[in-house]
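*Asks:* Output the structure for:
(one chain, ligands or ions: 3)
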Amino acid sequence: MKYAPIFITATNTNVGKTYTTLKLLEALSAKGLRVGVMKPIETGVLDVPLDATLLFETAKRFHPALAQLSLKEIVPYCFELPASPFVAKGRKKVSVEVLQKAYEKIASLCDIVLIEGAGGLLVPIEEDLYMYDFIRLFEAKTLLVGHDALGCINDILLNLHLLDSLGVEDYEWCVNFKEERESFDKITLPFLKKTFGRVLSVQDNMPLIVKSLVTNGDMNGDVL
Ligand SMILES: Nc1ncnc2c1ncn2[C@@H]1O[C@H](COP(=O)(O)OP(=O)(O)OP(=O)(O)O)[C@@H](O)[C@H]1O
Ligand SMILES: C[C@H](N)[C@H](N)CCCCCC(=O)O
Ligand SMILES: [Mg+2]
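*Replies:* Residues are numbered from 1 along each chain as shown. Ligands and ions are numbered 1, 2, ... in the order given. This next block holds a predicted model:
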């Protein structure tokens, strides 16, 4: 059965997209799905693309058929400068057709593909192409990962506001408890709970995140 891909983004770089994508990969594989991965663009690549390599090697462990793909097909664009693609790419052009073709090849081997962005939603790629454009390009559901430190209320709300103003409907958000679980419960949770009723975390709520994002539209929204 085929499911819409999930685009994993975050309130910023270093928040935990790769970490969360790996947890999602594990959870979906445990449910018997053939899970693919893609990192359309990776920057800060000195010799090997670290994110794409980690995602690809892990995905192959769960779904060995992915070995017929090359790393280049998992991460079509690698740039050396640890910066936004717009800056890191220099005069090179990022082609959406190249990205779509790579995605189709991965998807042909899988039930679902996890697509990790670079940085956050408003990271520029070309003059008229931002990271958030990948949601429509890949017709993906979106998982926004927030950090757990002071400032995460503002960061999460800003990103949710952007998703809503872009007309993105199929999204879920969660917090990645990386450093500040203690203080989070005291200084952040009261507002988020009051505003949203529930706060999902990578650590405690992966089943709910999966349930929220992995539905097969053709089958009247059957969930896993
Ligand atoms: N919950 C966590 N507990 C411990 N370490 C974590 C956790 N989440 C992320 N990390 C670590 O923090 C660092 C940044 O996480 P990660 O690489 O997933 O960020 P990212 O959002 O994918 O960054 P980028 O924008 O560069 O792709 C990594 O070293 C990762 O292993
Ligand atoms: C290099 C880093 N790990 C990410 N891949 C790229 C982050 C770009 C962030 C651009 C910005 O928001 O200022
Ligand atoms: Mg990453």
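
*Asks:* In a strand, Cys78, correct?
*Replies:* Yes - assigned with DSSP: H, G, I helix; E, B strand; the rest coil, Cys78 falls within a strand.

*Asks:* pretty sure it contacts Gly44?
*Replies:* No - the criterion here is C-beta atoms under 8 Å, and Cys78 misses it with Gly44 at 9.2 Å. Where you see a C-beta, it was placed from the backbone N, CA and C, and this is true even at glycine.

*Asks:* Contacts only, for the nearest residue in space to Val45 that is not next to it in sequence.
*Replies:* Nearest residue to Val45 in three dimensions, chain neighbours excluded: Cys78, at 4.2 Å (C-beta to C-beta, 6 or more residues apart in numbering). Contact partners of Cys78, counting by C-beta atoms under 8 Å, 6 or more residues apart in numbering, are 41-43, 45, 49, 52.

*Asks:* Closest to Lys2 out of those residues?
*Replies:* Ala52 (22.8 Å; C-beta to C-beta).

*Asks:* burial of the closest one, as a residue count?
*Replies:* When neighbours are counted by other C-beta atoms under 10 Å, Ala52 registers 25.

*Asks:* circling back to that earlier point, which two of the contacts of Cys78 have the greatest separation?
*Replies:* So for the contacts of Cys78, where distance means C-beta to C-beta, the most widely separated pair is Thr43 and Ala52, at 11.3 Å.

*Asks:* what pLDDT, on average, does the strand or helix carrying Arg61 get?
*Replies:* Per DSSP states H and E: Arg61 is located in helix 50-62. For helix 50-62, mean pLDDT is 98.

*Asks:* now check that helix, is it near ligand 1?
*Replies:* Yes - using C-beta under 6 Å from any ligand atom, helix 50-62 reaches ligand 1 at Asp51.

*Asks:* re earlier: distance of the residue nearest to Val45 relative to ligand 3?
*Replies:* According to C-beta to the ion, to the nearest Å, Cys78 and ligand 3 sit 13 Å apart.

*Asks:* Flag the shaky bits of the chain, pLDDT-wise.
*Replies:* Applying pLDDT under 70 to the chain flags the ranges 216-224.

*Asks:* Point out the residues in it that sit beside ligand 3.
*Replies:* Residues of the chain lying close to ligand 3 (C-beta under 5 Å from the ion) are 17-18, 51.
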